[in-house]
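> Sequence first, predicted model second:
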Amino acid sequence: MNQNISIIGVPMDLGQTRRGVDMGPSAIRYADVIERLERLHIHVEDLGDIQIERVVEEPTGKLRNLRAVTFAATRLFQVVDSVVGHGRFPLVLGGDHSIAIGTLAGVSKHYENLGVIWFDAHGDLNPVEQSPTGNIHGMPLAASLGIGHENLTNVGNYSPKIKPQNVVIIGARDLDPGERELIKEHSIKVYTMHEIDRLGMARVMEETIHYLKGRTDGVHLSLDLDALDPHDAPGVGTPVLGGVTYRESHLAMEMLAEANIITSAEFVEVNPILDEKNKTAKVAVALIGSLFGEKLL
Ligand SMILES: NC(=[NH2+])NCCC[C@H](N)C(=O)O
Ligand SMILES: [Mn+2]
Ligand SMILES: [Mn+2]
């Protein structure tokens, strides 16, 4: 793994309607993410937070806060682009999942075939018209595939960012009808909770690593804390019962560390207002530790 990490906070909460997820980056920093990484002898620089424009907006059709979300994504794109350009590993802390639009725009410019592991209870694949909520945090994977409002698909002035065959979704258990259609239409690889239960996380990760190793030249990990079961990660805005356990998610991170395939990552949807004594931020930091090679012995 790249031993030079740049941390970028994105205090974004306008991609959904539960207040508090903008405090995610602070909560993760207070849970000692930098100290944790430095103990692994990794060089960490903290670039601080991306500025979020807070203006009252009328919804654009079905889209809530399109202007502010696009503005933040464009800023994030610029910072991530420069971090990757300097040979450093961007570690993005959210913020709601809409920020993945900017992260992927910044990362994918530097790869021919960027792979994406979307660790999430949701698909975040809603085409605008089929979105049940109008919340942009339910759309970033679609936007990165080139599907959605052009403000979102065109961040960084190119589209699409990624190819459907380079995406693996892990932990899905809540998909909207439009998302199911898209998954079928583009044959996107998905490990729902059903497959995780049947095969076990070890096999799911072996297959995922094998699949992506053969076809990609870099892999971005987009980890939504709501992939975990709400018992283990209660501080999220859209919890869904029956999720990945604390242990399974650690195993997943450890196997990614061993395989040495991850070239960028983001940890999103930590909402301290909904959390219990910063538990979810602490889980995020523990997972980041495992992703960067923390071991007991
Ligand atoms: N990043 C997330 N937590 N996304 C949840 C999305 C929920 C739902 N599918 C929607 O479109 O609103
Ligand atoms: Mn989710
Ligand atoms: Mn998500």
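Right, received. Where do you want to start? Ligands and ions are numbered 1, 2, ... in the order given.

> and the residue of the stretch 151-297 of the chain found nearest ligand 1, what does it touch?
As assessed by C-beta to the nearest ligand atom, ligand 1 sits closest to T238 within the stretch 151-297 of the chain, at 4.2 Å. Any C-beta I mention is one placed from the backbone N, CA and C, and that applies to glycine too. Taking C-beta atoms under 8 Å, 6 or more residues apart in numbering as the contact definition, T238 lies against Q16, R18, A121, H122, D174, D226, E269.

> Repeat that for P11.
In this structure, P11 makes contact with D22, M23, G24, P25, S26, D49, I50, I52, G95, judged by C-beta under 8 Å, 6+ apart.

> Could I have the buried ones of those as PyMOL selection syntax?
Here is the PyMOL command that selects the buried residues among the contacts of P11 (16 or more other C-beta atoms under 10 Å):
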select buried, resi 22+23+24+25+26+49+50+52+95
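
> want to throw the contacts of P11 into TSV with distance to ligand 2?
Listed next are the contacts of P11 as TSV, based on distance: C-beta to the ion, whole Å:
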residue	distance to ligand 2
D22	17
M23	18
G24	13
P25	18
S26	21
D49	22
I50	21
I52	20
G95	13
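
> what's the burial count for the residue nearest to G123 when sequence neighbours are not counted?
Nearest in space to G123, with sequence neighbours left out and distances taken as C-beta to C-beta, 6 or more residues apart in numbering, is E179 at 4.1 Å. Other residues near E179 come to 26 when the count uses other C-beta atoms under 10 Å.

> Now do the host helix or strand of E179: everything it contacts.
Take DSSP states H and E as the rule and E179 turns out to sit in helix 177-185. In this structure, residues lying in contact with helix 177-185 by C-beta under 8 Å, 6+ apart are 122-123, 125-127, 129-131, 142, 147, 169, 175, 188, 190.

> elements contacting the next helix or strand after that helix?
The helix or strand immediately downstream of helix 177-185 is strand 189-192, counting by DSSP H and E. The criterion is 3 or more C-beta pairs under 8 Å, 6 or more residues apart in numbering; DSSP states H and E, and the helices and strands that strand 189-192 contacts are strand 167-172, helix 201-215.

> For the closest residue to ligand 3 within the stretch 51-200 of the chain, which non-adjacent residue is closest in space?
Of all residues in the stretch 51-200 of the chain, the one sitting closest to ligand 3 is H97 (3.6 Å; C-beta to the ion). Distances taken as C-beta to C-beta, 6+ apart place H137 nearest to H97, at 4.3 Å, with adjacent residues excluded.
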